[in-house]
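Q: here are the coordinates; sequence isn't available:
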């Protein structure tokens, strides 16, 4: 089972920027669709951004124009760059990947454990 390690979270003032990274523990995989999700306290997990293999990235309405999702296949890393952060961006951010192992070409998916982002006014 591939483990995802998220980094880059923390406390930032409103208007600031953060870049979250998510790196897969295995190297013998091919990463497909990737996405980032946010769960604010007391709320359900919601999609922030998704980057399909053969389609453009899509973003939630609140994230569009401020957030950029990207993938570096050579490093098995997915990133989420967030600019002009708002208090409502506060929450635990989770990355999610679809991947194929290069030995048996079985399809799998994995979630990160989550990383806290807190935006202060």
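A: Looks like it came in fine. Only a predicted model underlies this, so the values are computations on that prediction, with no experimental measurement involved.
Q: which stretches of the chain form strands?
A: All strands of the chain, identified by DSSP state E, fall at 4-7, 10-13, 18-24, 29-39, 46-51, 58-59, 67-72, 77-82, 91-101, 107-111, 115-120.
Q: Parallel or antiparallel, which strands does the last one pair with?
A: Here strand 115-120 is paired, per DSSP bridges, with strand 10-13 (parallel), strand 91-101 (antiparallel).
Q: and what of the third one?
A: Strand partners for strand 18-24, identified by DSSP bridges, are recorded as strand 4-7 (antiparallel), strand 77-82 (antiparallel).
Q: Can you give the contact residues for the shortest one?
A: With contacts defined as Cβ atoms under 8 Å, 6 or more residues apart in numbering, strand 4-7 is touched by 20-25, 93-95, 97, 110-115. (Glycine included, C-beta is placed from N, CA and C.)
Q: for the last one, same thing?
A: Identification of contacts with strand 77-82 by Cβ under 8 Å, 6+ apart yields 17-24, 31, 34, 36, 48-49, 51, 63, 66-72, 89, 93, 95, 97, 117.
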